[in-house]
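> fold the following, please.
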Amino acid sequence: MIDLQKIPFDAEAFLANAGLGRKIVQMQANQVFFSQGNPADSIFYLQDGRAKLTVFSANGKEATITLLSAGDFVGEECLAAVAGLRMATATAITPCAALRIERGEMIRVMHQEPAFSDRFLSFLLARSMRIQADLVDQLFNSSEKRLARILLLMAQFGKPGQPESLIPKISQETLAEMVGTTRSRVSFFMNRFRKLGFIEYNGGIHVHKSLLNVVLMDQLPEADAAGAPVPDSAEA
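As a prediction, this is how the structure comes out:
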């Protein structure tokens, strides 16, 4: 008989498969994982696809606060000592596969499996550092440089095997919300980046490594880019 106590816990297998207190859900583009104000009763692990996290003000104004990709958790507020309400709305940008983990099961596995706790805490630390970097970016950098940084993050630069990536279609309104500027300014900057060879459009936004020059070394010609404005892309 197999002694279950001697079988090592496999965090990757846990996050890849359905089981007690967790199930895999398939989301279509624009489908909502959960809405702001809903009970925070579960956490999602994004296995595949892209999603976004948005907040709504009392007067109905919407702001996108972050974009999510495979390997991200979303809905971690459910792990608070007293389960409350969702603080934001999570929506699929592209078709997504996600593991929905009930609050009780997530708390159980974190208490019992140090390997999983380490994995989750590493994610939370990375997200905290990202939020701090976003704040510094918002306070000290120009809107053009902030847009360049967001495009690079969306393209997941720095990950092994992904030197240049294609970003799914995303509206310029969403980019403007994240940058903290107007859609017309985003359109101007995107047109400029394309003319300078930093990005291409081909069903999505293809980001070239040369865009790093804008973020790291401020190497951007002073002359304005000419040509017709880049057409807005509807969200997938």
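> please count neighbours and contacts with C-alpha atoms only from this point.
Fine.
> leaving out sequence neighbours, find the closest residue to Ala98.
Leaving aside its sequence neighbours, Ala98 sits nearest to Leu46 (CA to CA, 6 or more residues apart in numbering; 4.4 Å).
> dump the residue contacts of the one you found.
Leu68, Ser69, Ala70, Gly71, Asp72, Phe73, Val74, Cys96, Ala97, Ala98, Leu99 (CA atoms under 8 Å, 6 or more residues apart in numbering).
> next: Ile199.
Taking CA under 8 Å, 6+ apart, we find Ile199 in contact with Phe193, Ile205, His206, Val207, His208, Leu211.
> which ones among the residues you listed map onto helices?
If you go by DSSP state H, the contacts of Ile199 have Phe193 in helices.
> farthest-apart pair in the contacts of Ile199, please.
The largest distance within those, taken as CA to CA, falls between Ile205 and Leu211 and amounts to 12.5 Å.
> so what's the residue count around Phe33?
Using other CA atoms under 10 Å, Phe33 has 20 other residues around it.
> what mean pLDDT does the strand or helix carrying it get?
Using DSSP states H and E, Phe33 sits in strand 32-34. Averaged across strand 32-34, the pLDDT comes to 96.
> going by neighbour count, list what's buried in the next helix or strand after that strand.
Per DSSP H and E, the first helix or strand lying C-terminal to strand 32-34 is strand 42-48. With burial defined by 16 or more other CA atoms under 10 Å, the residues of strand 42-48 counted as buried are Ser42, Ile43, Phe44, Tyr45, Leu46, Gln47, Asp48.
> same question, stretch 109-119
Val109, Met110, Phe116, Ser117.
> start and end of it, how far apart?
Stretch 109-119 has an end-to-end distance of 12 Å (criterion: CA to CA, to the nearest Å).
> list of residues touching that stretch?
Here stretch 109-119 makes contact (CA under 8 Å, 6+ apart) with Phe9, Ala11.
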